[in-house]
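**Q** pasting the structure only:
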C-alpha cells in the first residue's frame with residue numbers, strides 16, 4: 001500500500017509522518033485490496049487550534065474517507081484509523097453476505 005502524507009499550511013515533523021504511515025498501514029489486515037492511502041493533516045488556528053486528520057483509502061472501485069479533529073494530530077489520526085477499521089469491517093461483512101445470498105439462490 002502506498003501512503004502519502006500531506007501537511008496543509010505547515011511542515012510536518014518526520015516522526016508525525018512515520019506515525020501516520022504506521023497507523024494507516026495497520027489497516028491492511030482488514031482488507032487486501034487497499035491500493036493507496038492519502039493522509040491530510042491540517043489545523044485551523046496557530047494557538048489552541050483544532051488539528052484535523054483526514055484519511056482516504058482507495059480500494060478496488062471504492063474510496064473510503066474518515067475525518068477526525070482533536071487537540072492533537074496523533075489523537076486525530078488514531079480516531080480516523082479506528083473509524084476506517086469499522087468501515088472496512090462493515091464493507092467486508094456486506095461482501096460476504098452478498099456472496100452467501102448469491103450462493104443460496106443457486
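**A** Structure's in. What do you need? This structure is a prediction, so every number in the text was calculated from the model and none was measured.
**Q** my guess is residue 28 contacts residue 34. True?
**A** Yes. Between residue 28 and residue 34 there is a contact at 6.1 Å, judged by C-beta atoms under 8 Å. The way it works is simple: take the backbone N, C-alpha and C, and place the C-beta from them, glycine included.
**Q** who's in contact with residue 28?
**A** Counting by C-beta atoms under 8 Å, 6 or more residues apart in numbering, residue 28 makes contact with 1, 34.
**Q** then it would be within a helix, right?
**A** Yes. Under DSSP: H, G, I helix; E, B strand; the rest coil, residue 28 falls within a helix.
**Q** now do the strands in the chain.
**A** All strands of the chain, identified by DSSP state E, fall at 2-7, 36-43, 51-58, 63-70.
**Q** got JSON lines for the ones you listed, with mean neighbour count, mean pLDDT and distance to residue 94 too?
**A** As requested, these are exported to JSON lines (neighbours: other C-beta atoms under 10 Å; pLDDT from 0 to 100; distance: least, C-beta to C-beta, whole Å):
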{"stretch": "strand 2-7", "mean neighbour count": "15", "mean pLDDT": "96", "distance to residue 94": "25"}
{"stretch": "strand 36-43", "mean neighbour count": "18", "mean pLDDT": "96", "distance to residue 94": "21"}
{"stretch": "strand 51-58", "mean neighbour count": "21", "mean pLDDT": "96", "distance to residue 94": "16"}
{"stretch": "strand 63-70", "mean neighbour count": "16", "mean pLDDT": "96", "distance to residue 94": "12"}
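**Q** closest to residue 76 out of those?
**A** strand 51-58 (3.7 Å; C-beta to C-beta).
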